[in-house]
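J.: Provided below are the primary sequence and the corresponding predicted coordinates.
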Amino acid sequence: MKKIRHNAFTKLVSFFLGLLLVTSSTLIACFNPLASPPPDYFPLKVGDWWQYQTVDVEASVYGPVTEKVKLSVVSQERQAEGTLLYVIGTSSINKPSELFSREWYSKPAGQVLAHRKEYPQWSKENRGFSFDPPHIELKNPLQPGDSWVWEGKGFFGVYTSESSKVVASETVVVPAGEFLAMKIETLERILNSEQKIISWYADGVGLVKSERYSNYKSSKPAASTTELQDYSFRT
C-alpha cells in the first residue's frame with residue numbers, strides 16, 4: 001500500500017515539475033527580447049530610412065534616367081477613431097531636407113493600406129489625393145499563393161484596378177545585400193493602359209526590388225527597375 005502511495009506521489013510531483021517547466025519556457029519565450037519577431041514585410045518604425053535607385057529607360061528620348069531617393073518614416077499619427085497612420089517622406093538623395101512627397105499608411109491585421117499621398121512643393125489645389133477606398137499595398141505577412149485585388153480612385157481620383165499574387169519565394173541580390181524575398185506580380189489597369197509590376201519584399205526589411213513593364217505582353221525588358229541601395233537598420 002505504501003509503495004502505491006509513493007508511486008502516486010512521485011507521478012504527481014513529476015506532473016507539476018513538467019507543468020512548471022513548460023510554463024517557464026513559455027514565459028521566457030514571451031519576454032525574451034532576442035526571440036524571433038513575427039514576420040513583417042512592410043516594417044514602419046519612426047526614424048528608419050531606405051535608399052533606392054531607379055533606372056528608367058523610357059523617361060527620356062536621350063537615354064535611361066537614374067534617380068536616387070530616400071524614404072523615411074517621419075512620424076506616426078493617431079486618428080480620432082483609433083487608427084494609427086505612419087507618414088513616409090520621400091526626398092532626393094541630393095536634397096534630403098526637401099520632401100518630394102508624403103504618404104500615409106496603416107497596418108491593420110493582415111494588411112498594409114495606403115490612405116493618402118501629397119506633394120508639398122505643388123500648388124495647394126493640386127497638392128495631394130486620397131485613395132478611395134484605401135489602397136491595399138500587400139498582405140502582411142506574405143505567403144506563396146496569396147492574392148488580392150483592389151479597385152477605386154487612385155492617383156488624383158483616376159479610376160484604377162489592380163490584381164496581385166505572390167508567385168514565389170526567391171533570393172534577390174541588390175546593392176544593399178542578398179535577401180530571401182517574396183515575389184509579387186501585379187497587373188495594374190489605369191484608364192485604357194495596362195502595366196505589370198514585379199516586386200520583391202523581404203521579411204524585416206520591406207521592398208528590396210521592383211520592375212515595371214509598360215508593355216507586359218511583349219518580350220521587351222523592364223521599363224524601369226528600382227533597387228534597394230542601403231537602409232538604416234541593416235545588421
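T.: Yep, that arrived. Predicted, not measured: the structure shown is a model, and the values here were computed from it.

J.: how about low-confidence regions in this structure?
T.: 1-35, 218 (pLDDT under 70).

J.: which residues in it form helices?
T.: Ranges of helices in the chain, per DSSP state H, are 2-31.

J.: so who does the spatially most central residue of it touch?
T.: What sits nearest the mean C-alpha location of the chain, by Cα atoms, centre = their mean, is F42, with 2.6 Å. Applying Cβ atoms under 8 Å, 6 or more residues apart in numbering, one finds that F42 lies in contact with Y105, K107, V112, E137, L138, N140, Y201, G206. C-beta coordinates here come from the backbone N, C-alpha and C atoms, glycine included.

J.: equivalent analysis for F233, please.
T.: Counting by Cβ under 8 Å, 6+ apart, the residues that F233 touches are K45, D48.

J.: over to A181?
T.: Contact analysis of A181 by Cβ under 8 Å, 6+ apart lists S169, E170, T171, V172, W200, Y201, A202, V208, K209.

J.: how close does it get to V167?
T.: Note on A181: its distance to V167, by Cβ to Cβ, to the nearest Å, is 12 Å.

J.: again with K153
T.: In this view, K153 and V167 are 28 Å apart by Cβ to Cβ.

J.: how about S193?
T.: Distance from S193 to V167, by Cβ to Cβ: 22 Å.

J.: ok, those two, which is more surrounded?
T.: V167 (15 against 9; other Cβ atoms under 10 Å).

J.: the more buried one contacts I184, correct?
T.: Yes: when contacts are counted by Cβ atoms under 8 Å, V167 is listed as touching I184 (7.2 Å).

J.: and the residue nearest to S147 when sequence neighbours are not counted, what does it touch?
T.: Using Cβ to Cβ, 6 or more residues apart in numbering and skipping residues adjacent in sequence, the residue nearest S147 is K165, 4.2 Å away. By Cβ under 8 Å, 6+ apart, the residues touching K165 are G145, D146, S147, I184, E185.

J.: can you pull up the bridge partners for the closest residue to V149 other than its chain neighbours?
T.: Distance criterion Cβ to Cβ, 6+ apart; nearest residue to V149, sequence neighbours excluded, is S163 at 4.8 Å. Taking DSSP bridges as the rule, S163 bridges to V149, L187.

J.: could you do V173 as well?
T.: E178.

J.: ok, now how distant is it from V112?
T.: According to Cβ to Cβ, V173 and V112 sit 25 Å apart.

J.: with V87 instead?
T.: 14 Å.

J.: between those two, which is the more surrounded one?
T.: Each of V87 and V112 has its neighbours counted (other Cβ under 10 Å); V112 has more, 22 against 18.
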